[in-house]
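K.L.:
sharing a model that was predicted from the sequence below.
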Amino acid sequence: MTTRKPPSDSLLTRNRRATFEFSILEKIEAGVELTGAEVKSLRSGRAQLRDGYVRIENGEAWLLQVNITPYEQGNRNNAEADRRRKLLLHKREIEYLDAKVRTQGLTIVPLRMYLVRNHVKVEIGLARGKKLWDKRQDVARRDAQRDMERVAARTRLGS
């Protein structure tokens, strides 16, 4: 009896700015409706999640302001780069996200896009915006961590 490995997800793009601008409280995986040319463009690394966000409208989740550059070898049926894209979530998940956004004033941001068994998935996060002082603390913590790693590396090499 052989055991199957879980499918490895190959990263297409990620939103590095999201973790700096927001505190991510919860992560959810969602499918996304794309055209074939958009998938080819994604595979060639031509997407940007930086300004993206998710909005719940009429019981459906929509991915907005995500730029997927039109495929260069595509034809005149290429989709617009900044079009609205429908997220594929269960009704319960959409209702849960909508309730969190309405009651707690949270935001839903895309964190990364990746492939799972040749299906494009988007990891979205329930997020709370950080204040300026939160961002400064994160930068200071990162700098201190980097300095400690440098000192540790020097002591390992020196001894």
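P.N.:
Happy to help now that I have it. These numbers come from a predicted model, not from an experiment.

K.L.:
how about the secondary structure of the residue nearest the centre of the chain?
P.N.:
Nearest residue to the geometric centre of the chain (CA atoms, centre = their mean): L111, 1.7 Å. L111 falls in the strand class when you classify it by DSSP: H, G, I helix; E, B strand; the rest coil.

K.L.:
so it makes contact with E26?
P.N.:
No. The criterion here is CB atoms under 8 Å, and L111 misses it with E26 at 10.9 Å. Backbone N, C-alpha and C define where each C-beta goes, glycine included.

K.L.:
need the residues touching each of the two.
P.N.:
In terms of CB atoms under 8 Å, 6 or more residues apart in numbering, L111 and E26 are both contacted by the residues G125.

K.L.:
secondary structure element holding the residue lying closest to M113 once chain neighbours are set aside?
P.N.:
Nearest residue to M113 in three dimensions, chain neighbours excluded: L12, at 4.5 Å (CB to CB, 6 or more residues apart in numbering). Assigned by DSSP states H and E, L12 belongs to strand 10-14.

K.L.:
name the strands paired with that strand and say parallel or antiparallel.
P.N.:
The strands beside strand 10-14 in its sheet (DSSP bridges) come out as strand 107-116 (antiparallel).

K.L.:
in the strand it pairs with, which residues are buried?
P.N.:
Within strand 107-116, the residues that count as buried by 16 or more other CB atoms under 10 Å are T107, I108, V109, P110, L111, R112, M113, Y114, L115.

K.L.:
put together CSV for these, with pLDDT and distance to L89 on each row.
P.N.:
Supplementary listing: the buried residues of strand 107-116 in CSV, determined by pLDDT from 0 to 100; distance: CB to CB, whole Å:
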residue, pLDDT, distance to L89
T107, 93, 16
I108, 95, 11
V109, 95, 15
P110, 95, 13
L111, 95, 15
R112, 93, 16
M113, 93, 15
Y114, 93, 16
L115, 91, 18
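
K.L.:
alpha carbons of the strand holding L12, as PDB, please.
P.N.:
Output of strand 10-14 as PDB, limited to C-alpha atoms (Å, rounded to 0.1, in the frame of the first residue of the first chain):
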ATOM      1  CA  SER A  10       3.700  26.000  -6.600                       C
ATOM      2  CA  LEU A  11       3.700  29.700  -5.800                       C
ATOM      3  CA  LEU A  12       2.600  32.000  -8.600                       C
ATOM      4  CA  THR A  13       2.700  35.300  -6.800                       C
ATOM      5  CA  ARG A  14       2.400  36.700  -3.300                       C
END
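
K.L.:
okay then, goodbye and thanks.
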